[in-house]
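Novice: Generate coordinates for the sequence data below:
(chains A and B)
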Number of protein chains: 2
Amino acid sequence: MADKKLRFGVVLAGCGVFDGAEIHEAVCTLLAIDRIGGEAKCYAPDVDQAHVVNHLTGEVTAERRNVLIEAARIARGKITPLAAFNAEDVDVLIFPGGFGAAKNLCDFAFKGADCAVNPDVESAVRAMKAAGKPIGALCIAPAILARLMGGEGVELTIGSDAETAAALQAMGARHTATTHCEVVVDRASKIVTAPCYMLDASVSQIADGAANAVKALAELA
Amino acid sequence: MADKKLRFGVVLAGCGVFDGAEIHEAVCTLLAIDRIGGEAKCYAPDVDQAHVVNHLTGEVTAERRNVLIEAARIARGKITPLAAFNAEDVDVLIFPGGFGAAKNLCDFAFKGADCAVNPDVESAVRAMKAAGKPIGALCIAPAILARLMGGEGVELTIGSDAETAAALQAMGARHTATTHCEVVVDRASKIVTAPCYMLDASVSQIADGAANAVKALAELA
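Specialist: All right, here's what the predicted structure looks like:
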C-alpha cells in the first residue's frame, strides 16, 4: 500500500445531525482519511430523507429533501449515488453517524430491532464483505451492521446507552461498551466501530475517535 | 486568560459551500477552537439565504431556506441569532468562509466592490472593533472586513486570486497574497485572515489554516 493511496468510501446520510449525517463526524472522518494519506470517495443513496428537521427548533418540517443532494453539501459536490457503488473502487467503507444513519440508511430510529436497511446500503455492505474488505461505522451507524451482520454475531459498540445496545443485541450483535475515543475492532468480521456523538462529546473527541477508527480500518485493509 | 476559556464567536452563513458556510472550514474552526481549550459560540443572521444551490448539480433551486436554521445544522442546534450578539459575550469573533459569507453575510458575490453588508454582521463587527477585540475571517469572508474596514486600509488575504484581490483593494483594503496554511495578521486593526478554500486545498490544509488563524487570534485577544 506504500505506493498507492488507501481508498475510503464514505457513506453520507444527508447533512445535519437530526435528519442526516452528523456534520462534525463526517468532516472529521474526511480529515482523518486525508491525514493518513488516504483518499475519500463520498457516496449517498438517491432517496428522499425520512423527514426534514429544523435544527434550530428540533421540529419536523413539511419540506422534502433528498439524501444525495443534501450529502453533496458535505462532499462539496463530489459525491456518487450509492447505487453505483463498486467494492473494487475502494479499500475500506465507512459510515459516519447522525440520525440520518438510523433514519435514511436504515429505519432503526423508528423501528429499533425490527429495522430494515436501504437496499443500496445493504448491497454495498454485502459487496465489501464478499471482497473481504473492512467496514467502519461511527455513532449510531453500527445499527446498520447489527441488522446485516447480527447473524454472524458481529461485535460492535454504540458507546454506553443500554437501550440502544439492547436493540443491537436483539439483532444478534455482541455489544461492547466504550467511552470517548475508544474503538471496537472485530477482526474476524473486519468491522470497526466507535461511539462518537452517542456520547456527550467535544468536537476534539469526535476528531480523535474518527481518527482512531480510520487508523484501525487502515490496519485491516 | 489562564483561568478562563477564551470565547470565540463563530458567525455561520448557512450550511454548504455554494450557498452557505463552507462546512469543512466551519467544522475545522470549531475543532481548532476546542483544541486550544477555547469555547465556541455560534451565531448566524436570521434572514433568508440569497438563494439555495443544489450541491449535486450546482444549479439554483426554487427553494427558500433561512441562514440561521441551516447554520444550526453545523452548530447541532446550539446557535444564537446574530441580532442578539453582544461583544461582551466573546473575546474573539471569526467568520468561516463559503459562498454564504459573500451571498448572505454581504452581497460581494453579486456586487463585488459595490457590496453591502448585512446589518447584524456590521453591528457585530463594529461592536468588536469598539471593544478592541480581534476578528478573523477565512476564505472569501475577508470581503466583509474590506467593506467595513477598507477606510482604515486594513490588511487582508483571500489567497492569490487576482480579480478578488483587486475588488478588496477597490474597497480600500491592502491585500497580501498567501498560499496554503498561511495567515495574514494586521496587528493595528486586530484582524486575522487566511485563504482556506480560496485555494484548491485538501481538508488537512483547511484544518491547518483554520488552526493557524485561531492561534493568531488567541494571541491578539
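Novice: which residues touch A:I79?
Specialist: The contact partners of A:I79, by C-beta atoms under 8 Å, 6 or more residues apart in numbering or on different chains, come to A:12, A:42-44, A:68, A:71-72, B:56. The C-beta positions use only the backbone N, C-alpha and C, and glycine is treated the same way.
Novice: Let me have those residues in CSV, extended by secondary structure and distance to B:N86.
Specialist: Shown next, in CSV, are the contacts of A:I79 (DSSP: H, G, I helix; E, B strand; the rest coil; distance: C-beta to C-beta, whole Å):
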residue, secondary structure, distance to B:N86
A:L12, coil, 36
A:C42, strand, 39
A:Y43, strand, 43
A:A44, strand, 39
A:L68, helix, 40
A:A71, helix, 36
A:A72, helix, 36
B:L56, coil, 39
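Novice: What pLDDT is listed against the residue most central in space within chain A?
Specialist: Nearest residue to the geometric centre of chain A (C-alpha atoms, centre = their mean): A:F95, 1.9 Å. Note on A:F95: pLDDT of 98.
Novice: Give the single residue among the contacts of A:I79 positioned nearest to A:K78.
Specialist: A:C42 (6.4 Å; C-beta to C-beta).
Novice: That closest one touches A:P81, doesn't it?
Specialist: No - counting by C-beta atoms under 8 Å, A:C42 stays clear of A:P81, with 10.7 Å between them.
Novice: if we can go back for a sec, can you name the residues bridging to the residue nearest to the centre of chain A?
Specialist: Beta-bridge partners for A:F95, by DSSP bridges, are A:A137.
Novice: how about it, what does it touch?
Specialist: The contact partners of A:F95, taken as C-beta under 8 Å, 6+ apart, are A:11, A:13, A:101, A:105, A:135-138, A:141, A:144.
Novice: try it again with 7 Å
Specialist: A:F95 is in contact with A:11, A:101, A:136-138, A:141, A:144, counting by C-beta atoms under 7 Å, 6 or more residues apart in numbering or on different chains.
Novice: Now do the closest residue to A:F99 other than its chain neighbours, the pLDDT please.
Specialist: The shortest distance from A:F99 to any non-neighbouring residue, by C-beta to C-beta, 6 or more residues apart in numbering or on different chains, is to A:F18 (5.3 Å). A:F18 carries a pLDDT value of 98.
Novice: burial of A:F18, as a residue count?
Specialist: 22 (other C-beta atoms under 10 Å in any protein chain shown).
Novice: Quick check: it touching A:T57?
Specialist: No - if you go by C-beta atoms under 7 Å, A:F18 and A:T57 don't touch, sitting 10.3 Å apart.
Novice: Quickly list what's touching both of these two.
Specialist: With C-beta under 7 Å, 6+ apart, A:F18 and A:T57 have no common neighbours.
Novice: which parts of chain A sit against chain B?
Specialist: Counting by C-beta under 7 Å from any C-beta of the partner chain, chain A comes close to chain B at A:15-17, A:23-24, A:27, A:30-31, A:34-35, A:54-56, A:58, A:68-69, A:72-74, A:76-77, A:79, A:202-204, A:207.
Novice: Of the residues you listed, which count as buried by neighbour count?
Specialist: A:15-17, A:23-24, A:27, A:30-31, A:34-35, A:54-56, A:68-69, A:72-74, A:76-77, A:79, A:203-204, A:207 (16 or more other C-beta atoms under 10 Å in any protein chain shown).
Novice: Enumerate the positions of whichever helix in chain A runs longest that are buried.
Specialist: Identified as the longest helix of chain A according to DSSP state H is helix A:203-220. Using 16+ other C-beta under 10 Å as the test for burial, helix A:203-220 gives A:203-214, A:216-218, A:220.
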